[in-house]
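Participant: Predicted structure and sequence below. I'll ask about it afterward.
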Amino acid sequence: MRPQSLDELAGQRHLISPGSPLQRLVAATQGDFAPSSIILWGPPGTGKTTLAYLISLSSHREFVELSAVTAGVKDVREVIQAAKERLVLGGKETVLFIDEVHRFNKAQQDALLPAVENRVVTLIAATTENPSFSVNSPLLSRSLLLTLQPLTDDDVGELLDRAVADERGLGGAVALEDDAKAVLLRMAGGDARKALTILEAAAAATLSMSDGSSSSITPEIIEQAVDVAAVRYDRDGDQHYDVISAFIKSIRGSDVDAAIHYLARMIAAGEDPRFIARRLIVHAAEDIGMADPSALQTAVAAAEAAQFIGMPEARIPLAEAVIHLATAPKSNAVVVAIDSALADVRAGRIGIVPSHLRDAHYAGAKQHGHGKGYRYPHDAEAGVVAQQYLPEELTGAEYYSPTTRGFERQISERLAKIREIQRG
(Lines give C-alpha, C1' and ligand atoms only; values in the text may rest on other atoms or scores of the structure.)
Protein backbone atom coordinates (compact mmCIF):
# COMPACT_ATOMS: atom_id res chain seq x y z
CA MET A 1 0.00 0.00 0.00
CA ARG A 2 2.99 2.31 -0.25
CA PRO A 3 1.87 5.36 -2.26
CA GLN A 4 2.96 5.40 -5.89
CA SER A 5 2.66 9.18 -6.27
CA LEU A 6 2.44 12.32 -4.17
CA ASP A 7 -1.31 12.34 -4.83
CA GLU A 8 -1.63 9.19 -2.75
CA LEU A 9 0.42 10.58 0.12
CA ALA A 10 -1.59 11.11 3.28
CA GLY A 11 -0.89 14.30 5.21
CA GLN A 12 2.21 16.48 4.87
CA ARG A 13 0.47 18.94 2.57
CA HIS A 14 2.85 21.63 3.81
CA LEU A 15 5.81 19.77 2.25
CA ILE A 16 4.44 19.01 -1.21
CA SER A 17 3.14 22.37 -2.36
CA PRO A 18 4.21 23.53 -5.86
CA GLY A 19 7.83 24.61 -5.92
CA SER A 20 8.69 22.96 -2.60
CA PRO A 21 12.00 21.03 -2.33
CA LEU A 22 10.13 17.71 -2.31
CA GLN A 23 8.13 18.61 -5.38
CA ARG A 24 11.32 19.57 -7.19
CA LEU A 25 13.02 16.33 -6.20
CA VAL A 26 10.05 14.20 -7.23
CA ALA A 27 9.61 16.05 -10.53
CA ALA A 28 13.34 16.15 -11.33
CA THR A 29 14.77 13.94 -14.04
CA GLN A 30 18.36 12.93 -14.59
CA GLY A 31 20.66 15.95 -14.30
CA ASP A 32 17.99 18.42 -13.19
CA PHE A 33 18.96 20.79 -10.40
CA ALA A 34 17.43 19.75 -7.11
CA PRO A 35 18.46 19.73 -3.45
CA SER A 36 21.31 17.27 -2.95
CA SER A 37 20.51 16.34 0.63
CA ILE A 38 17.33 16.30 2.67
CA ILE A 39 16.76 15.34 6.29
CA LEU A 40 13.22 14.23 7.11
CA TRP A 41 12.36 14.65 10.78
CA GLY A 42 9.10 13.33 12.17
CA PRO A 43 7.33 10.71 14.29
CA PRO A 44 7.20 7.05 13.21
CA GLY A 45 4.77 6.13 10.45
CA THR A 46 4.38 9.62 9.00
CA GLY A 47 5.81 8.90 5.55
CA LYS A 48 9.58 9.42 5.70
CA THR A 49 10.47 6.19 3.88
CA THR A 50 7.58 6.68 1.47
CA LEU A 51 8.81 10.13 0.47
CA ALA A 52 12.29 8.77 -0.21
CA TYR A 53 10.80 5.98 -2.31
CA LEU A 54 8.63 8.41 -4.30
CA ILE A 55 11.62 10.60 -5.09
CA SER A 56 13.53 7.63 -6.45
CA LEU A 57 10.55 6.15 -8.30
CA SER A 58 9.44 9.32 -10.04
CA SER A 59 12.88 10.38 -11.24
CA HIS A 60 14.04 6.89 -12.24
CA ARG A 61 17.09 7.10 -10.03
CA GLU A 62 18.66 4.09 -8.38
CA PHE A 63 17.23 3.70 -4.88
CA VAL A 64 19.55 2.35 -2.19
CA GLU A 65 18.47 2.01 1.41
CA LEU A 66 20.65 1.66 4.49
CA SER A 67 19.59 1.31 8.10
CA ALA A 68 21.75 3.15 10.58
CA VAL A 69 20.94 0.40 13.07
CA THR A 70 22.93 -2.22 11.15
CA ALA A 71 25.16 -0.36 8.65
CA GLY A 72 28.74 0.71 9.35
CA VAL A 73 31.31 2.97 7.69
CA LYS A 74 32.30 0.11 5.35
CA ASP A 75 28.71 -0.20 4.11
CA VAL A 76 28.46 3.54 3.51
CA ARG A 77 31.69 3.60 1.50
CA GLU A 78 30.60 0.61 -0.61
CA VAL A 79 27.31 2.31 -1.48
CA ILE A 80 29.09 5.55 -2.39
CA GLN A 81 31.62 3.69 -4.57
CA ALA A 82 28.82 1.87 -6.39
CA ALA A 83 27.02 5.19 -6.90
CA LYS A 84 30.17 6.70 -8.45
CA GLU A 85 30.50 3.78 -10.87
CA ARG A 86 26.82 3.94 -11.73
CA LEU A 87 27.11 7.65 -12.47
CA VAL A 88 30.27 7.31 -14.57
CA LEU A 89 29.33 4.20 -16.53
CA GLY A 90 25.62 4.70 -17.07
CA GLY A 91 24.93 8.27 -16.01
CA LYS A 92 22.35 7.03 -13.54
CA GLU A 93 22.00 8.97 -10.30
CA THR A 94 21.51 7.35 -6.91
CA VAL A 95 19.15 8.17 -4.09
CA LEU A 96 20.66 7.01 -0.81
CA PHE A 97 18.06 6.66 1.90
CA ILE A 98 19.36 6.24 5.45
CA ASP A 99 16.75 5.42 8.05
CA GLU A 100 17.35 6.29 11.72
CA VAL A 101 20.33 8.46 10.73
CA HIS A 102 20.61 9.71 14.33
CA ARG A 103 22.04 6.30 15.19
CA PHE A 104 25.08 6.92 12.97
CA ASN A 105 28.15 8.00 14.92
CA LYS A 106 30.33 10.94 13.87
CA ALA A 107 32.66 8.82 11.73
CA GLN A 108 29.75 7.30 9.83
CA GLN A 109 28.13 10.67 9.22
CA ASP A 110 31.46 12.20 8.18
CA ALA A 111 31.87 9.43 5.58
CA LEU A 112 28.80 10.79 3.81
CA LEU A 113 30.05 14.38 3.47
CA PRO A 114 32.18 14.12 0.29
CA ALA A 115 29.48 12.22 -1.61
CA VAL A 116 26.83 14.71 -0.56
CA GLU A 117 29.00 17.72 -1.38
CA ASN A 118 29.98 16.37 -4.81
CA ARG A 119 26.42 15.20 -5.56
CA VAL A 120 27.54 11.62 -6.03
CA VAL A 121 24.35 10.66 -4.20
CA THR A 122 21.11 12.39 -3.38
CA LEU A 123 20.98 11.79 0.35
CA ILE A 124 17.65 11.47 2.09
CA ALA A 125 18.06 10.84 5.80
CA ALA A 126 15.19 10.08 8.15
CA THR A 127 15.13 10.54 11.89
CA THR A 128 12.64 10.60 14.73
CA GLU A 129 14.98 12.71 16.88
CA ASN A 130 15.78 16.40 16.63
CA PRO A 131 18.56 16.65 14.00
CA SER A 132 20.00 19.70 15.75
CA PHE A 133 21.19 17.35 18.49
CA SER A 134 21.63 14.07 16.62
CA VAL A 135 23.15 15.03 13.24
CA ASN A 136 26.66 16.45 12.78
CA SER A 137 26.76 20.16 12.03
CA PRO A 138 28.68 19.75 8.69
CA LEU A 139 26.07 17.31 7.38
CA LEU A 140 23.18 19.35 8.76
CA SER A 141 24.48 22.53 7.14
CA ARG A 142 24.58 20.79 3.73
CA SER A 143 21.01 19.53 4.05
CA LEU A 144 17.49 20.87 3.87
CA LEU A 145 15.63 20.01 7.07
CA LEU A 146 11.99 19.13 6.47
CA THR A 147 9.69 18.46 9.43
CA LEU A 148 6.87 15.93 9.01
CA GLN A 149 3.75 16.48 11.09
CA PRO A 150 1.91 13.66 12.90
CA LEU A 151 -0.87 12.20 10.79
CA THR A 152 -4.42 13.04 11.81
CA ASP A 153 -7.13 10.43 12.26
CA ASP A 154 -8.58 11.59 8.94
CA ASP A 155 -5.24 10.95 7.23
CA VAL A 156 -4.87 7.45 8.68
CA GLY A 157 -8.57 6.73 8.10
CA GLU A 158 -8.11 7.56 4.42
CA LEU A 159 -5.24 5.07 4.22
CA LEU A 160 -7.30 2.37 5.95
CA ASP A 161 -10.24 2.85 3.59
CA ARG A 162 -7.90 2.61 0.62
CA ALA A 163 -6.21 -0.51 2.00
CA VAL A 164 -9.56 -2.24 2.50
CA ALA A 165 -10.83 -1.48 -1.02
CA ASP A 166 -7.70 -1.35 -3.21
CA GLU A 167 -6.49 -4.43 -5.06
CA ARG A 168 -3.00 -3.66 -3.77
CA GLY A 169 -4.42 -4.21 -0.30
CA LEU A 170 -7.35 -6.37 0.79
CA GLY A 171 -9.34 -5.85 -2.40
CA GLY A 172 -12.69 -5.69 -0.62
CA ALA A 173 -12.28 -9.15 0.92
CA VAL A 174 -13.34 -7.73 4.27
CA ALA A 175 -15.31 -4.74 5.54
CA LEU A 176 -14.18 -2.48 8.35
CA GLU A 177 -16.99 -1.53 10.73
CA ASP A 178 -17.08 2.09 11.86
CA ASP A 179 -16.58 1.30 15.54
CA ALA A 180 -13.73 -1.08 14.66
CA LYS A 181 -12.15 1.65 12.56
CA ALA A 182 -12.35 4.02 15.52
CA VAL A 183 -10.63 1.44 17.74
CA LEU A 184 -7.95 0.86 15.13
CA LEU A 185 -7.28 4.60 14.79
CA ARG A 186 -6.85 4.93 18.56
CA MET A 187 -4.42 2.01 18.64
CA ALA A 188 -2.42 3.41 15.73
CA GLY A 189 -1.92 6.80 17.37
CA GLY A 190 -1.19 8.58 14.08
CA ASP A 191 1.27 5.90 12.87
CA ALA A 192 0.22 4.78 9.38
CA ARG A 193 2.52 1.78 9.42
CA LYS A 194 1.08 0.58 12.72
CA ALA A 195 -2.48 1.11 11.45
CA LEU A 196 -1.87 -1.04 8.36
CA THR A 197 -0.16 -3.73 10.43
CA ILE A 198 -3.14 -3.99 12.79
CA LEU A 199 -5.56 -3.95 9.84
CA GLU A 200 -3.69 -6.81 8.18
CA ALA A 201 -3.73 -8.89 11.36
CA ALA A 202 -7.43 -8.20 11.94
CA ALA A 203 -8.30 -9.03 8.31
CA ALA A 204 -6.45 -12.34 8.53
CA ALA A 205 -8.29 -13.19 11.75
CA THR A 206 -11.64 -12.22 10.20
CA LEU A 207 -11.13 -14.37 7.11
CA SER A 208 -9.97 -17.36 9.13
CA MET A 209 -13.08 -17.15 11.36
CA SER A 210 -15.59 -16.32 8.64
CA ASP A 211 -18.25 -18.91 7.85
CA GLY A 212 -19.23 -17.07 4.69
CA SER A 213 -22.07 -15.11 6.27
CA SER A 214 -19.99 -12.10 7.27
CA SER A 215 -16.49 -10.80 6.68
CA SER A 216 -16.56 -7.68 8.78
CA ILE A 217 -13.77 -6.58 11.08
CA THR A 218 -15.23 -5.82 14.53
CA PRO A 219 -13.63 -4.30 17.65
CA GLU A 220 -13.63 -7.75 19.25
CA ILE A 221 -11.70 -9.23 16.32
CA ILE A 222 -9.13 -6.44 16.53
CA GLU A 223 -8.68 -7.15 20.24
CA GLN A 224 -8.13 -10.85 19.52
CA ALA A 225 -5.83 -10.20 16.58
CA VAL A 226 -3.40 -7.91 18.38
CA ASP A 227 -4.01 -9.22 21.92
CA VAL A 228 -4.65 -5.72 23.27
CA ALA A 229 -7.82 -4.57 24.96
CA ALA A 230 -9.53 -1.90 22.90
CA VAL A 231 -9.89 0.78 25.53
CA ARG A 232 -13.40 2.23 25.42
CA TYR A 233 -12.58 5.89 25.13
CA ASP A 234 -14.09 8.34 22.68
CA ARG A 235 -11.82 11.36 22.29
CA ASP A 236 -14.80 13.46 21.29
CA GLY A 237 -17.39 11.97 23.65
CA ASP A 238 -18.35 11.73 27.31
CA GLN A 239 -15.63 9.24 28.22
CA HIS A 240 -12.95 11.69 27.13
CA TYR A 241 -14.24 14.33 29.51
CA ASP A 242 -15.02 11.84 32.29
CA VAL A 243 -11.52 10.38 32.27
CA ILE A 244 -9.70 13.72 32.12
CA SER A 245 -11.96 15.01 34.91
CA ALA A 246 -11.19 11.99 37.08
CA PHE A 247 -7.50 12.40 36.21
CA ILE A 248 -7.31 16.02 37.39
CA LYS A 249 -9.45 15.40 40.48
CA SER A 250 -7.24 12.45 41.45
CA ILE A 251 -4.14 14.66 41.24
CA ARG A 252 -5.91 17.41 43.20
CA GLY A 253 -6.90 14.83 45.80
CA SER A 254 -3.29 13.58 46.04
CA ASP A 255 -4.23 10.02 45.00
CA VAL A 256 -1.14 9.22 42.96
CA ASP A 257 -2.26 5.66 42.12
CA ALA A 258 -5.60 6.80 40.69
CA ALA A 259 -3.87 9.58 38.75
CA ILE A 260 -1.42 7.12 37.17
CA HIS A 261 -4.32 4.79 36.33
CA TYR A 262 -6.21 7.48 34.42
CA LEU A 263 -3.00 8.57 32.70
CA ALA A 264 -2.51 4.97 31.53
CA ARG A 265 -6.07 4.82 30.23
CA MET A 266 -5.58 7.95 28.18
CA ILE A 267 -2.24 6.79 26.79
CA ALA A 268 -3.58 3.33 25.91
CA ALA A 269 -6.56 4.92 24.16
CA GLY A 270 -4.29 7.09 22.01
CA GLU A 271 -5.00 10.45 23.65
CA ASP A 272 -2.84 13.28 22.33
CA PRO A 273 0.08 13.59 24.81
CA ARG A 274 0.10 17.35 24.20
CA PHE A 275 -3.44 17.55 25.55
CA ILE A 276 -2.40 15.65 28.69
CA ALA A 277 0.64 17.89 29.12
CA ARG A 278 -1.45 21.06 28.80
CA ARG A 279 -3.79 19.87 31.54
CA LEU A 280 -0.82 19.14 33.81
CA ILE A 281 0.56 22.66 33.29
CA VAL A 282 -2.78 24.22 34.17
CA HIS A 283 -3.17 21.98 37.22
CA ALA A 284 0.34 22.78 38.49
CA ALA A 285 -0.45 26.50 38.56
CA GLU A 286 -4.07 26.23 39.63
CA ASP A 287 -4.02 23.55 42.34
CA ILE A 288 -0.43 23.59 43.58
CA GLY A 289 0.90 27.04 42.82
CA MET A 290 3.34 28.43 45.36
CA ALA A 291 2.92 25.48 47.70
CA ASP A 292 5.50 23.84 45.40
CA PRO A 293 6.71 26.23 42.66
CA SER A 294 8.82 23.46 41.10
CA ALA A 295 5.63 21.59 40.12
CA LEU A 296 5.01 24.02 37.26
CA GLN A 297 8.60 23.60 36.11
CA THR A 298 8.16 19.83 36.06
CA ALA A 299 4.89 20.08 34.12
CA VAL A 300 6.38 22.41 31.51
CA ALA A 301 9.46 20.19 31.20
CA ALA A 302 7.21 17.14 30.67
CA ALA A 303 5.29 19.00 27.94
CA GLU A 304 8.52 19.94 26.17
CA ALA A 305 9.86 16.39 26.53
CA ALA A 306 6.65 14.92 25.10
CA GLN A 307 6.92 17.24 22.10
CA PHE A 308 10.62 16.48 21.72
CA ILE A 309 10.67 12.67 21.94
CA GLY A 310 7.08 11.68 21.08
CA MET A 311 5.29 8.52 22.10
CA PRO A 312 5.77 5.91 23.45
CA GLU A 313 8.76 7.33 25.34
CA ALA A 314 6.80 10.47 26.30
CA ARG A 315 4.75 8.36 28.70
CA ILE A 316 7.72 8.43 31.13
CA PRO A 317 8.14 12.21 31.63
CA LEU A 318 4.34 12.54 31.68
CA ALA A 319 4.15 9.92 34.44
CA GLU A 320 6.96 11.67 36.34
CA ALA A 321 5.02 14.94 36.19
CA VAL A 322 1.81 13.24 37.34
CA ILE A 323 3.58 11.67 40.32
CA HIS A 324 5.20 15.01 41.25
CA LEU A 325 1.92 16.89 41.03
CA ALA A 326 -0.14 14.25 42.84
CA THR A 327 2.27 14.05 45.77
CA ALA A 328 2.93 17.81 46.01
CA PRO A 329 1.29 20.00 48.68
CA LYS A 330 -1.82 21.69 47.31
CA SER A 331 -2.86 25.34 47.22
CA ASN A 332 -5.30 27.27 45.05
CA ALA A 333 -4.17 30.63 46.45
CA VAL A 334 -2.66 31.68 43.11
CA VAL A 335 -5.87 31.26 41.11
CA VAL A 336 -7.92 32.82 43.92
CA ALA A 337 -5.57 35.83 43.92
CA ILE A 338 -5.76 36.55 40.19
CA ASP A 339 -9.50 35.89 39.96
CA SER A 340 -10.19 38.19 42.92
CA ALA A 341 -8.11 40.97 41.38
CA LEU A 342 -9.83 40.49 38.01
CA ALA A 343 -13.23 40.68 39.70
CA ASP A 344 -12.32 44.06 41.23
CA VAL A 345 -10.96 45.40 37.92
CA ARG A 346 -14.04 44.27 36.01
CA ALA A 347 -16.24 45.85 38.68
CA GLY A 348 -14.52 49.19 38.09
CA ARG A 349 -12.39 49.18 41.25
CA ILE A 350 -9.28 50.43 39.48
CA GLY A 351 -8.24 53.75 40.98
CA ILE A 352 -5.39 56.03 40.03
CA VAL A 353 -1.77 54.92 40.08
CA PRO A 354 -0.05 56.74 43.01
CA SER A 355 2.04 59.63 41.70
CA HIS A 356 5.29 58.41 43.29
CA LEU A 357 4.99 55.15 41.29
CA ARG A 358 4.42 56.80 37.92
CA ASP A 359 7.00 56.92 35.14
CA ALA A 360 9.40 59.80 35.75
CA HIS A 361 11.76 59.24 32.80
CA TYR A 362 10.10 61.38 30.15
CA ALA A 363 10.49 65.13 29.78
CA GLY A 364 8.13 67.10 32.00
CA ALA A 365 7.27 64.14 34.25
CA LYS A 366 8.78 65.77 37.33
CA GLN A 367 6.73 68.94 36.76
CA HIS A 368 3.66 66.79 37.40
CA GLY A 369 5.16 65.25 40.54
CA HIS A 370 5.70 61.85 38.94
CA GLY A 371 8.20 59.79 40.91
CA LYS A 372 8.43 62.34 43.70
CA GLY A 373 8.76 60.67 47.09
CA TYR A 374 9.43 57.20 45.68
CA ARG A 375 11.42 55.09 48.12
CA TYR A 376 13.94 52.62 46.65
CA PRO A 377 13.51 49.26 48.48
CA HIS A 378 17.15 48.21 47.99
CA ASP A 379 18.26 51.12 50.18
CA ALA A 380 16.51 49.53 53.16
CA GLU A 381 18.17 46.79 55.19
CA ALA A 382 15.17 44.48 54.85
CA GLY A 383 14.72 45.26 51.13
CA VAL A 384 11.19 46.45 51.92
CA VAL A 385 10.01 49.99 52.72
CA ALA A 386 6.82 51.59 54.00
CA GLN A 387 5.13 52.76 50.83
CA GLN A 388 1.74 52.90 49.13
CA TYR A 389 1.62 50.65 46.04
CA LEU A 390 -2.09 50.03 45.46
CA PRO A 391 -4.33 52.86 44.28
CA GLU A 392 -5.85 54.80 47.18
CA GLU A 393 -9.28 53.29 46.51
CA LEU A 394 -7.92 49.77 47.05
CA THR A 395 -5.89 50.42 50.19
CA GLY A 396 -5.81 47.33 52.39
CA ALA A 397 -6.87 44.90 49.64
CA GLU A 398 -5.25 41.47 49.99
CA TYR A 399 -5.68 39.23 46.97
CA TYR A 400 -3.05 36.64 47.76
CA SER A 401 -3.62 34.64 50.93
CA PRO A 402 -1.04 31.84 51.12
CA THR A 403 -1.88 28.62 52.87
CA THR A 404 0.30 26.97 55.50
CA ARG A 405 1.00 23.98 53.23
CA GLY A 406 4.35 23.27 51.63
CA PHE A 407 6.50 26.22 50.58
CA GLU A 408 3.58 28.58 51.21
CA ARG A 409 4.14 28.20 54.95
CA GLN A 410 7.40 30.13 54.51
CA ILE A 411 5.75 32.60 52.15
CA SER A 412 2.94 33.19 54.65
CA GLU A 413 5.35 34.09 57.43
CA ARG A 414 7.46 36.32 55.17
CA LEU A 415 4.45 38.01 53.58
CA ALA A 416 3.04 38.99 56.98
CA LYS A 417 6.29 40.82 57.79
CA ILE A 418 6.41 42.45 54.32
CA ARG A 419 2.88 43.79 54.63
CA GLU A 420 3.58 45.05 58.16
CA ILE A 421 6.58 47.06 56.94
CA GLN A 422 4.84 48.36 53.81
CA ARG A 423 1.96 49.69 55.86
CA GLY A 424 4.24 51.38 58.37
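Facilitator: That came through fine. Numbering: from 1, shown residues only.
Participant: From now on I want contacts and neighbour counts done on CA atoms only, so please keep to that.
Facilitator: Noted.
Participant: residue farthest from the centroid of this protein?
Facilitator: The C-alpha centroid of the chain is most remote from residue 367, which lies 54.4 Å away (CA atoms, centre = their mean).
Participant: Which parts of this structure belong to which domain?
Facilitator: 6-147, 153-226, 238-327, 337-422 (automatic domain parsing).
Participant: Take the ones you listed and lay them out in JSON lines including mean pLDDT.
Facilitator: As requested, the domains of the chain are exported to JSON lines (pLDDT from 0 to 100):
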{"stretch": "domain 6-147", "mean pLDDT": "80"}
{"stretch": "domain 153-226", "mean pLDDT": "85"}
{"stretch": "domain 238-327", "mean pLDDT": "91"}
{"stretch": "domain 337-422", "mean pLDDT": "88"}
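Participant: Now do the strands in the stretch 101-250 of the chain.
Facilitator: In the stretch 101-250 of the chain, the strands defined using DSSP state E, counting those that start in this stretch lie at 122-127, 144-147, 175-176, 216-217.
Participant: Format those as CSV; extra columns: distance to residue 70 and mean neighbour count.
Facilitator: Converted to CSV, those look like this (distance: least, CA to CA, whole Å; neighbours: other CA atoms under 10 Å):
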stretch, distance to residue 70, mean neighbour count
strand 122-127, 15, 26
strand 144-147, 24, 17
strand 175-176, 37, 20
strand 216-217, 37, 20
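Participant: Out of those strands, flag the one nearest residue 397.
Facilitator: Checking those against residue 397 by CA to CA gives strand 144-147 as the closest, at 50.9 Å.
Participant: Give me the packing partners of the closest one, helices and strands only.
Facilitator: Under the contact criterion of 3 or more CA pairs under 8 Å, 6 or more residues apart in numbering; DSSP states H and E, strand 144-147 touches strand 37-41.
Participant: List of residues touching the strand it packs on?
Facilitator: Residues outside strand 37-41 that contact it (CA atoms under 8 Å, 6 or more residues apart in numbering): 48, 116, 122-131, 140, 142-148.
Participant: For the residue positioned nearest the centre of the chain, give me its contacts.
Facilitator: Most central in the chain under CA atoms, centre = their mean is residue 307, positioned 2.8 Å from the mean C-alpha point. Residue 307 is in contact with 274, 314, counting by CA under 8 Å, 6+ apart.
Participant: do you know how far it is from residue 136?
Facilitator: Per CA to CA, to the nearest Å, residue 307 is found 22 Å from residue 136.
Participant: same deal with residue 5?
Facilitator: Counting by CA to CA, the gap from residue 5 to residue 136 is 31 Å.
Participant: How about residue 110?
Facilitator: 8 Å.
Participant: Pop out the phi and psi values for residue 274.
Facilitator: Residue 274 adopts backbone torsions of phi -70, psi -30, taken as degrees, to the nearest 10.
Participant: Pull the number of nearby residues for the residue lying closest to it once chain neighbours are set aside.
Facilitator: Leaving aside its sequence neighbours, residue 274 sits nearest to residue 303 (CA to CA, 6 or more residues apart in numbering; 6.6 Å). Look at residue 303: counted by other CA atoms under 10 Å, it has 24 neighbours.
Participant: Report the contact partners of residue 124.
Facilitator: Residue 124 sits next to 37, 38, 39, 40, 52, 95, 96, 97, 98 when contact means CA under 8 Å, 6+ apart.
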